[in-house]
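>>> With the input below, show me the fold.
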Amino acid sequence: MTEHVSLMDPMMPSEGNRELEDLAVSLVEEAAGLASQLHPTVINSVSELVRSMNCYYSNLIEGHDTHPRDIEKALKKDFSIDPLQRDLQKEARAHIMVQQAIDYGKLSLVGTADDDRIRWIHMAFYRRLSESSRWVTDPDTGERHQVLPGKYRTRSVVVGRHVPIEHINIASFMLRFEKAYNPHRLSRVRQVIAAAASHHRLLWIHPFLDGNGRVARLFSHAFLKDVGVGSGLWSISRGLARHEAEYKRRLMAADGDRAGDLDGRGNLSEKGLTNFCLFFLTKCIDQVQFMESLLSLGDLLGRIERYSTQQIEAGLLPSGSRSLLREALLTGEFPRGKAPSITGYKERQARTVLQALTEKGLLVSDGPRKPVRLGFPEHILDSWLPLLYPNR
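Below you'll find the model as predicted:
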């Protein structure tokens, strides 16, 4: 059955919604000031951590609870011998690798809302999964179907109460999606609103047999980054996961048909789409503000120094650790040979302090002779960056 692309209208809330436009402006302003006091090298280290956090919360929305410690091991290819746990670790690593590619500009030559980008995200994620994770089971028939990386579905599906378009129409709807959310056709404010609206409409199309939610969140991360408000320092997935029930309610409401003459002029409810966009942008702002509070230079330095003092007093870190960690935070990185002058110790003693910090992952480097920079291992997160993850 051929379905007309107008079934997806409206693609955007009507212009002139003051509340929505104010949120878009606020997000632009908040994002511009995020972590402005931190050294770029420290920002890169935090971004690596945030990718793991983004993966954790995106997985949580999918019902896959993978402990941050297991995610950290997965990045080192230290996989569990338990098949289920190993599959979850590979899933987490795949997610992080795809976001890393996005953050490093892998998709810079592809249009922001181009379906090539969306299919690439799906392909890059699924090709890294275990073979057993590339199959889905039809809940009605019990049939198993293979999920092909980067390929649109070739069968009809039902998602809760939502019946997505027929598979034969996906290409035309994705073309409409691409044109509607092309940021070059939109004002700055409308670009930010489009980041929210496109998140819902991509899920509404449901182009893949499986993985649509994860792809939508990675796509939104890329879209926000492209329009200048997203970065590696904050995650919309954390905001959505912490309000998962409301997230799903708002998505479902935006799936609904137009409710009378006061609900826009499209086939779908404009009120439902507007309310979803309000929710989405509010959670974006919440997450930017949360990370800003964590990454305030003075507060972060204070937490690191308190941690260092406690560890030194407990005999778990050698004296001199505090000065090396402080130097890494303030200058981004320093040569190993500078440790004596930073600590005030002789070379051998300073080398011992440096070794203790690298063994615990508090300082990291790209090689045994390379400069060291701040590390953010899982075991210090509650002390250095509290509330990043839920209490476990």
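>>> Going by C-alpha atoms from here, please, whenever you check contacts or count neighbours.
OK.
>>> wait, what's in contact with the residue lying closest to residue 269 once chain neighbours are set aside?
By the measure of Cα to Cα, 6 or more residues apart in numbering, the closest residue to residue 269 outside its immediate chain neighbours is residue 258, 3.9 Å from it. For residue 258, the contact set (Cα atoms under 8 Å, 6 or more residues apart in numbering) comprises 264, 265, 266, 267, 268, 269, 270.
>>> Please list only the buried members of those residues.
264, 267, 268, 269, 270 (16 or more other Cα atoms under 10 Å).
>>> residues near residue 335, how many?
12 (other Cα atoms under 10 Å).
>>> That one against residue 368, yeah?
No. Counting by Cα atoms under 8 Å, residue 335 stays clear of residue 368, with 10.9 Å between them.
>>> Return the residues in contact with the residue of the chain most remote from its centre.
Relative to the centre of the chain, the most outlying C-alpha is that of residue 346, 43.7 Å out, by Cα atoms, centre = their mean. With contact set as Cα under 8 Å, 6+ apart, residue 346 has these partners: residue 340.
>>> For it, give its distance to residue 1.
79 Å (Cα to Cα, to the nearest Å).
>>> got it, and residue 148?
For residue 148, the distance to residue 1 - Cα to Cα - is 23 Å.
>>> higher neighbour count, those two?
Legend: neighbour count by other Cα under 10 Å for residue 148 and residue 1, higher for residue 148 (17 against 8).
>>> Just the element for the more buried one, please.
For residue 148, there is no host helix or strand (DSSP states H and E).
>>> Residue 3 reaches residue 168, doesn't it?
No. Taking contacts as Cα under 8 Å, residue 3 lies outside contact range of residue 168: 9.1 Å.
>>> Need the residue closest to the centroid of this structure.
residue 54 (3.8 Å).
>>> Outline the domain layout of the chain.
5-295, 297-384 (automatic domain parsing).
>>> Next, the distance between the ends of the last one.
It refers to domain 297-384. Across domain 297-384, first to last residue, Cα to Cα, it's 12 Å.
>>> Could you give the separation of that domain from the chain centroid?
Mean C-alpha position of domain 297-384 versus that of the full chain (Cα atoms, centre = their mean, to the nearest Å) differs by 28 Å.
>>> cool, the first one as well?
Chain-centre distance of domain 5-295: 8 Å, with Cα atoms, centre = their mean.
>>> Show me where the protein has its strands.
With DSSP state E as the criterion, the chain has strands at 135-137, 144-146, 333-334, 363-365, 372-374.
>>> Now tabulate the ones you listed in JSON lines and tack on distance to residue 78 and mean pLDDT.
Shown next, in JSON lines, are the strands of the chain (distance: least, Cα to Cα, whole Å; pLDDT from 0 to 100):
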{"stretch": "strand 135-137", "distance to residue 78": "24", "mean pLDDT": "92"}
{"stretch": "strand 144-146", "distance to residue 78": "27", "mean pLDDT": "94"}
{"stretch": "strand 333-334", "distance to residue 78": "27", "mean pLDDT": "96"}
{"stretch": "strand 363-365", "distance to residue 78": "18", "mean pLDDT": "96"}
{"stretch": "strand 372-374", "distance to residue 78": "22", "mean pLDDT": "97"}
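>>> Of all the ones you listed, which one comes closest to residue 302?
strand 372-374 (14.9 Å; Cα to Cα).
>>> Against which helices or strands is that closest one packed?
Counting contacts by 3 or more Cα pairs under 8 Å, 6 or more residues apart in numbering; DSSP states H and E, strand 372-374 packs against helix 40-61, helix 321-331, strand 333-334, strand 363-365.
>>> neighbouring strands for it, and are they parallel or not?
Applying DSSP bridges, strand 372-374 is found paired with strand 333-334 (antiparallel), strand 363-365 (antiparallel).
>>> Dump those strands into a markdown table; add distance to residue 311 and mean neighbour count as well.
Shown next, in a markdown table, are the strands paired with strand 372-374 (distance: least, Cα to Cα, whole Å; neighbours: other Cα atoms under 10 Å):
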| stretch | distance to residue 311 | mean neighbour count |
| --- | --- | --- |
| strand 333-334 | 22 | 20 |
| strand 363-365 | 15 | 20 |
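>>> out of those, which comes closest to residue 175?
Comparing those by Cα to Cα, strand 363-365 comes nearest, at 44.8 Å.
>>> And for that closest one, what's in contact with it?
325, 328, 354, 357, 358, 371, 372, 373, 374, 375.
>>> make it 10 Å
45, 324-325, 328, 333-336, 354-358, 370-377 (Cα atoms under 10 Å, 6 or more residues apart in numbering).
>>> Retrieve the pLDDT associated with residue 110.
Per-residue pLDDT puts residue 110 at 54.
>>> One more: residue 235?
pLDDT, read off for residue 235, is 88.
>>> Run through the residues that contact it.
Residue 235 neighbours (Cα under 10 Å, 6+ apart): 50-51, 53-55, 57-58, 217-218, 221, 283-284, 287-288, 291.
>>> Any quick ChimeraX command for the buried ones out of those?
Buried members of these, identified by 16+ other Cα under 10 Å, are gathered into one ChimeraX selection as follows:
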select :50,51,53,54,55,57,58,217,218,221,283,284,287,288,291
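>>> which among the contacts of residue 235 gets closest to residue 310?
residue 291 (24.5 Å).
>>> doesn't residue 234 make contact with the closest one?
Yes. Here residue 291 reaches residue 234: they are 6.4 Å apart, a contact under Cα atoms under 10 Å.
>>> Give the residues shared as contacts by those two.
Shared contacts of residue 291 and residue 234, counting by Cα under 10 Å, 6+ apart, come down to 34, 50.
>>> Check residue 65 and give its pLDDT.
pLDDT, residue 65: 87.
>>> That one: what's its closest spatial neighbour, skipping adjacent residues?
Nearest non-adjacent residue to residue 65 (Cα to Cα, 6+ apart): residue 59, at 6.5 Å.
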